[in-house]
Structure formats: structure tokens, C-alpha cells
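> any chance you can model this:
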Amino acid sequence: MKVLPFQVPHITGEAYRFQEDRVPHFYDRFHSHEEVQIMYILAGEGLVVAGDYVGRFEPGDVFVLGSYLPHVFRNDEAYYRRDSPGAHALSVYFTPAYLGEEFWRLNEMASVLAFLKRARRGYRVTGPARYHLGQQIALLQQAKGVERITGFLVLLDKMANGAPLEALSMTEPSPQQGGQDRRMSDVLEFTFREYHRRITLREVAEVAHLSPQAFCRYFRQHTRKSYVSFLQEVRIRKACQLLTRENLSIENVCYAVGFQNISNFNRVFKRITRQTPKTYLTRRLWY
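Residues are numbered from 1 along each chain as shown. Modelled structure (predicted):
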């Protein structure tokens, strides 16, 4: 799958690149980069797509995005208005070349190197560890000199040895996925914008400038799932937000995210979340 290449500014001689983003909404084009990215979200919520993974992100989340893993953090509609509440994230970017290939081959770095290889498909940190790792990332913003290096190594060591992690993509990316083709990014943009209504296969195929048959092959070949399955995941992740953030009934949420009948909504919701909408809502409100 060709996705938009993304250049991370790099100053020769630094161990990693630290970046703070305070924006109305995060960069919303499906893209990839050579650098591993560790991202701590302080403000903003929406949908994250990483390889073939679709889920929601919210303040407090910490993600690890492996080298060349295509991804996008698409904020909810409120962040595209003039009165956007604003998105805020801290990111650490690095490759083995930043500290030198020999450094990563040291015995002391064996567990970290193994972790980075496993992280090519991406991770989300779960549980209370999100807060502690987020604070470790925040400390790097003001660190100077040797503390900048030691803080970075402590972060990697904590992630490699004991942090509870949820794997994201089922497929492993490759450098060949980079390119100038905007097709997949356009399809995702269209889906995020129009998920709430009925979408025909012919309509989305036109966005990709392909015939319906060619589009089906293209999408399945590069995501390991059909477009219908992907669209259902987007709708259900949005439904999860509406169930807990808006004063809407389950039936109203069903139609608000593009489903045509409640029975199908309940069936798809349970398949994706492994619980019914009613159970999901009860558990979220209880906790």
C-alpha cells in the first residue's frame, strides 16, 4: 500500500527528535516515516488507523508506531471547527542510526532492540502505565545534556520490560509502502467524513479512481480486510464515543453512525467489541 511519505526533521548528532504539537487537529493524512514514533496524547480525541488497526484515541494515551507503519490520528468533527478545543501531543522520533547501529547491538540493549522489532506493527500502552510513561516522555522536553540520553533510555527500558501493551496492526509494514500515491489517504478521508450515511461501493471506488472490482482487490490486498469491514469498524468506534459522551439512546446512535437497522448494529457491535451496546454502555458508566 502506497501512503504519503512524511519527513521528520532531524539534526545530525541528536539521539532522538522531540516534537510538541499544539494544533486545532492532528495531521490528518495517512502517512508513514522511517523513524519509530512514541506519542503521548495530552489533548484531543478521535479515530486512529495504524496499518489494518482501527480504534479510538483520547487524552492520556501512549502509542508506539513502528518504522514505516502507515498511520493517521483523525480528530473528531469538533476539532475541525473554528472553536476547536485543540489537540496536544508530545512525540519522540528516532531510528537506530541516530545513536549508531553498534550501540543498539550492545548486550545491554538486547531487550530494547527486541521490543523495537516487535513494535513494527504498533502498540498502545494500557492501564496505569500510560500515566507513568507519559510523564517520562514529558520529562524529555526539558532535559539537557546527558540527562536527555538517560531519560530516553529509561523510557525505552520501561516499555521493553513490563509495560502492558496492546498490539495494533496484524500486518507488518515495509519501506516499499512509502510513495506519492494519495489513493489510500483519500479513501480514509472520505470514510471519516461520510461514515454516518449510506456509502455505496461504486461511490468509494470513484474516490480511489478505480472500478468497484479493482478497488475491492486493492483495499483487501493492502489492508487484509474488505472495505465494508473497515467501514463497520469506523462506525462502531464512533458509536462507542457517542454512547458515552452524548445523551443518545442506543437506537439513535445506531442511525447516527450509518447503520440502517438496530439488529445489524447490535450484531456488528458485539463482533467488534465483544460485548453488546447495552453492556458496553453500562460498564463505561459504572467505571
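
> how about the helices of the chain, start to end?
Along the chain, counting by DSSP state H, helices occupy 96-99, 101-104, 110-118, 129-140, 146-160, 183-194, 201-207, 212-223, 227-245, 250-256, 262-273, 277-286.

> out of the ones you listed, which gets nearest to V49?
Closest of these to V49 is helix 183-194, at 6.3 Å (criterion: CB to CB). To be clear about C-beta, it is placed using only N, CA and C from the backbone, and glycine gets the same treatment.

> do me a favour and average the pLDDT over the closest one.
In this model, helix 183-194 has an average pLDDT of 89.

> of the helices of the chain, which is nearest V36?
Using CB to CB, the nearest of the helices of the chain to V36 is helix 110-118, at 6.2 Å.

> contact partners for the nearest residue to L42 once chain neighbours are set aside?
Counting by CB to CB, 6 or more residues apart in numbering, L42 lies nearest to H88, which is 4.3 Å off, once chain neighbours are set aside. By CB atoms under 8 Å, 6 or more residues apart in numbering, the residues touching H88 are E20, D21, R22, V23, I41, L42, A43, G44.

> could you flag which of those residues are buried?
By neighbour count, with 16 or more other CB atoms under 10 Å, the contacts of H88 hold D21, I41, L42, G44 as buried.

> narrow the residues you listed to those in strands?
D21, I41, L42 (DSSP state E).

> OK, contacts around the second one?
Taking CB under 8 Å, 6+ apart as the contact definition, I41 lies against F57, E58, P59, G60, D61, V62, F63, F73, A87, H88, A89.

> doesn't H132 make contact with the fourth one?
No: applying CB atoms under 8 Å as the test, G60 and H132 come out as separate, 11.2 Å apart.
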